[in-house]
Structure formats: C-alpha cells, structure tokens
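coordinates only, sequence not included:
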C-alpha cells in the first residue's frame with residue numbers, strides 16, 4: 001500500500017460533518033484505521049475536532065428526540081423517561097409471566113403496576129390467570 005502524507009488541514013476537513021463517526025473519515029482520506037489513529041495522536045487539534053463533532057451529533061440526536069416527544073411519540077417518551085426519569089420512579093420493568101404459554105413483556109411505568117398479558121397466537125385459553133412475578137431494575 002502506498003504511503004500517504006496528509007496535512008492537519010486535510011484531516012480536519014475530512015472530519016467536518018462526521019458527527020464523530022470515524023470510519024467514513026479514514027475511508028474518505030484513503031487511509032487505514034491505524035493510520036488515522038496516528039494522525040489523531042500526531043495532531044491534538046484533530047482529536048479535539050472529533051470530540052466536538054461527536055458532541056454536535058449528540059446535540060442533533062437529542063433535538064430530534066425532543067421533536068418526537070413534542071409530537072407525542074410514545075416510544076420516544078418511553079425512551080426519555082426510562083433514561084432521565086429514574087429518580088421519579090420511571091424505568092423499565094421486566095414482567096415474567098409463568099404458568100401460561102405467554103412471553104415475558106416489558107412495561108414502562110411510573111411506579112404503578114399496570115400489567116397487560118398478551119398470549120401467543122397458538123396458546124390455548126387457560127381458565128386460571130397466570131402467576132405474575134415482577135422484577136424492577
């Protein structure tokens with residue numbers, strides 16, 4: 001493989017708009033991953049720029065998540081509450097249903113127990129309700 005000498009400016013330009021994702025950067029430069037790490041180490045400005053790009057990417061993703069929340073997207077709301085609302089009792093709970101051919105389900109709650117049992121399509125109706133075992137992470 002032919003050795004390529006890149007300037008700091010060339011590497012920084014390739015990093016623009018990357019959101020901190022590295023593979024497209026070194027592919028754009030036509031160098032190996034190892035060579036790219038050499039340039040990161042050689043030029044501290046490149047490392048700082050990559051971290052700034054990563055933060056820009058996270059800011060962008062967070063802004064899109066907030067847009068989904070404002071549009072009342074249930075999955076986005078659940079995701080946000082699970083990660084940011086733990087101190088208020090929000091979190092993911094694993095509900096294990098035993099004694100019935102029912103799959104375990106994941107419920108989101110704010111400390112109140114709301115359990116919905118969904119049976120498999122092939123399952124037969126049992127006269128007795130299944131035993132429920134709750135685990136909170």
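Ah, there it is. All values reported here derive from a predicted model rather than from experimental measurement.

who touches residue 8 in this structure?
By C-beta atoms under 8 Å, 6 or more residues apart in numbering, residue 8 lies in contact with 39, 43, 45-46. Glycine gets a C-beta too; all of them are placed from N, C-alpha and C.

domain map for the chain?
Per the record, the chain has its domains at 8-63, 91-136, by automatic domain parsing.

break down the protein into its strands, ranges please.
91-98, 105-109, 131-136 (DSSP state E).

mean pLDDT for the domains of the chain: which is lowest?
Lowest mean pLDDT of the domains of the chain: domain 91-136, a mean of 53.

how close does residue 21 get to residue 61?
12 Å (C-beta to C-beta, to the nearest Å).

pull the longest helix from this structure.
The longest helix of the chain (DSSP state H) is helix 44-70.

so which other helices or strands are in contact with that one?
Under the contact criterion of 3 or more C-beta pairs under 8 Å, 6 or more residues apart in numbering; DSSP states H and E, helix 44-70 touches helix 8-15, helix 33-42, helix 74-84.
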